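Student: have a look at this fold, sequence not included:
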């Protein structure tokens with residue numbers, strides 16, 4: 001079972017294939033250096049596991065995040081408040 005989606009079947013299959021490759025690589029090669037968070041079935045569980053290990057000191061790299069109501073300052077590498085009327 002999976003959550004309901006608005007994706008077309010072709011798009012869903014491409015996403016499924018990417019998730020399959022991430023999990024297969026994880027099993028074969030160990031935890032990825034960069035985790036594709038959107039490809040996890042329950043990303044909250046991965047974040048929780050990180051908090052309960054020694055990783056908070058060293059951190060981890062993730063990709064696949066989307067910001068809503070915030071922006072990213074490339075110069076400082078920080079989250080910033082979304083400017084009202086700004087482009088998304």
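Tutor: That came in fine, so what should we check first? As the structure is a computational prediction, the values presented were derived from the model and not from experiment.

Student: longest single helix anywhere in this protein?
Tutor: helix 9-29 (DSSP state H).

Student: flag the shaky bits of the protein, pLDDT-wise.
Tutor: Scanning the chain for pLDDT under 70 picks out the ranges 1-3, 55-56, 85-88.

Student: please, where are all the helices along it?
Tutor: 9-29, 43-51, 55-58.

Student: what would these look like in CSV with mean neighbour count and distance to residue 64?
Tutor: The C-beta positions use only the backbone N, C-alpha and C, and glycine is treated the same way. Shown next, in CSV, are these (neighbours: other Cβ atoms under 10 Å; distance: least, Cβ to Cβ, whole Å):
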stretch, mean neighbour count, distance to residue 64
helix 9-29, 11, 10
helix 43-51, 12, 9
helix 55-58, 9, 18
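
Student: quick one: those as TSV, columns for distance to residue 68 too.
Tutor: Output for the helices of the chain, formatted as TSV (distance: least, Cβ to Cβ, whole Å):
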stretch	distance to residue 68
helix 9-29	20
helix 43-51	16
helix 55-58	25
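
Student: these: which one's closest to residue 65?
Tutor: helix 43-51 (9.6 Å; Cβ to Cβ).

Student: starting at the chain centroid, how far to that closest one?
Tutor: Counting by Cα atoms, centre = their mean, to the nearest Å, helix 43-51 is centred 11 Å from the centre of its parent chain.

Student: same for it, what does it pack against?
Tutor: Using 3 or more Cβ pairs under 8 Å, 6 or more residues apart in numbering; DSSP states H and E as the contact test, no helix or strand touches helix 43-51.

Student: so what touches that helix?
Tutor: Helix 43-51 has contacts (Cβ atoms under 8 Å, 6 or more residues apart in numbering) with 35, 37, 40, 56, 60.

Student: list the contacts for the last one?
Tutor: If a contact means Cβ under 8 Å, 6+ apart, then residue 60 has 35, 50 as its contacts.

Student: separation between it and residue 78?
Tutor: 18 Å (Cβ to Cβ, to the nearest Å).

Student: if we can go back for a sec, which of the contacts of helix 43-51 sits closest to residue 7?
Tutor: So of those, ranked by how close each gets to residue 7 (Cβ to Cβ), first place is residue 40, at 16.7 Å.
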